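Chemist: no sequence on hand, only this structure:
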């Protein structure tokens, strides 16, 4: 059972690497086998359809982007404030930056979602659940910013990550300074 | 000569369509020929390397995204204001939305730029020239917002377009309302 789980993780990580390197069109069971250095046929044994493979990737991506429990514990005891919101945002950007393959794979999956309804279904559910989760977390934590503001942060952070992980139009400005400017501008002040 | 130019445009538009539909990995001379319904070998006759093909696509993308002269004339006579900045921004988003293939092709090219230095070079030059052009235009027009603010708008609009052209986390909010909130938050008030 544990070995089975390890194998699934190995295959899913290989899929993430393929996506980041070759794009969604390169993502085949065969490419995953090759990337994971396992016998051909292994990935399709574990994930019998491309849809199941995509689901496995998305769930692995979610794991790899999960905040560290220490961070949540450390921030969770603080009083809600704009500065605390900024801390959470910096932590998100730190996680996305520390896992460039995962973040690039997510861009590939979103573009693929626009092309293939079956990918759109999986990604749509995942994205919307994540967004609803962010809104609920923010509200439960007493942090400023409702649904509308949090959507704006999603757009800005997606664009920022695309900039930082591919070609930057403004590499002289640090990512932290960008985050500070976004919080200053987009977070409502009714905290 | 005119016929030669028409052919180049036909091929470049076919390349944009291939990029949007199949991603950067699908962009080959052969795929462009098939998409343009021309004899195999035509695209490699016009663009002897993949690099030249990419350059042709980028320059065609620029053409297809050029603002309408009427819009520039209409906005160019107005007094600079935050509202005028918002008008220009709405026009950019309108153009990107009206040409979903072009906008999706741009996302594909940016992801490819992070993978392939030769694409990175072409795209990097183009993106930075565009960004410098935006900053210079804004300043010449007496509009609020310097380099830093304009970079923030680039990030936010890229993320917004990705949202609107693939899967939206917040489809109930109109694109115009998002633009209004971005201008309210991110544009400095020293106008």
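Modeler: Here it is on my side, so go on. Quick caveat: nothing in here was measured; it's all calculated off a predicted structure.
Chemist: burial count for residue A:69?
Modeler: Residue A:69 has 9 neighbours, counted by other Cβ atoms under 10 Å in any protein chain shown. C-beta here means a position set from N, CA and C on the backbone, and glycine is covered the same way.
Chemist: contact partners for it?
Modeler: Applying Cβ atoms under 8 Å, 6 or more residues apart in numbering or on different chains to residue A:69 gives no contacts.
Chemist: go again with 10 Å.
Modeler: Residues near residue A:69 by Cβ atoms under 10 Å, 6 or more residues apart in numbering or on different chains: residue A:76.
Chemist: packing partners of the longest helix along chain A?
Modeler: Secondary structure of chain A per DSSP state H: the longest helix is helix A:117-140. Helices and strands touching helix A:117-140, by 3 or more Cβ pairs under 10 Å, 6 or more residues apart in numbering or on different chains; DSSP states H and E, are helix A:50-65, helix A:82-98, helix A:100-115, helix A:147-165.
Chemist: what comes up buried for the lowest-mean-pLDDT helix or strand in chain A?
Modeler: Ranked by mean pLDDT, DSSP states H and E, the weakest helix or strand in chain A is helix A:2-22, scoring a mean of 93. Within helix A:2-22, the residues scored as buried using 16 or more other Cβ atoms under 10 Å in any protein chain shown are A:7-8, A:10-22.
Chemist: where's the residue of chain A most remote from its centre, which helix or strand?
Modeler: Relative to the centre of chain A, and counting by Cα atoms, centre = their mean, the farthest-placed residue is residue A:39 at 29.2 Å. When secondary structure is defined by DSSP states H and E, residue A:39 falls outside every helix and strand.
Chemist: thought it was touching residue A:32?
Modeler: No: the pair residue A:39 / residue A:32 is not scored as a contact, 11.9 Å apart, by Cβ atoms under 10 Å.
Chemist: shared neighbours, those two?
Modeler: Counting by Cβ under 10 Å, 6+ apart, nothing touches both residue A:39 and residue A:32.
Chemist: for chain A, which spans come out with low pLDDT?
Modeler: Applying pLDDT under 70 to chain A flags the ranges A:1-2, A:190-191.
Chemist: quick check: domain ranges of it?
Modeler: Using automatic domain parsing, the domains assigned to chain A come out as A:5-61, A:67-186.
Chemist: of all those domains, which lies closest to residue B:27?
Modeler: Proximity to residue B:27 (Cβ to Cβ) singles out domain A:5-61 among those, at 10.0 Å.
Chemist: residue A:140: neighbour count?
Modeler: With other Cβ under 10 Å as criterion, residue A:140 counts 8.
Chemist: what does residue A:26 give?
Modeler: Other residues close to residue A:26 by other Cβ under 10 Å number 18.
Chemist: for it, which residues are in contact?
Modeler: A:18-20, A:32, A:35, A:108, B:23-26.
Chemist: show me the contact partners of stretch A:87-94.
Modeler: A:65, A:67-68, A:71-72, A:74-75, A:78, A:81, A:103, A:134, A:137-138, A:141, A:143, A:145, A:153-154, A:156-157, A:160-161, A:164, A:175-176, A:178-180, A:182-183, A:187.
Chemist: which of these are buried?
Modeler: Counted by 16+ other Cβ under 10 Å, those give A:65, A:103, A:134, A:138, A:143, A:145, A:153-154, A:156-157, A:160-161, A:164, A:175, A:178-179, A:182-183, A:187 as buried.
Chemist: any chance of a markdown table for the domains of chain A, columns distance to residue B:3?
Modeler: Output for these, formatted as a markdown table (distance: least, Cβ to Cβ, whole Å):
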| stretch | distance to residue B:3 |
| --- | --- |
| domain A:5-61 | 33 |
| domain A:67-186 | 33 |
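Chemist: contacting residues around the closest residue to residue A:51 other than its chain neighbours?
Modeler: Closest residue in space to residue A:51, ignoring its immediate chain neighbours: residue A:118 at 5.1 Å, by Cβ to Cβ, 6 or more residues apart in numbering or on different chains. Contact analysis of residue A:118 by Cβ under 10 Å, 6+ apart lists A:49-51, A:54-55, A:112.
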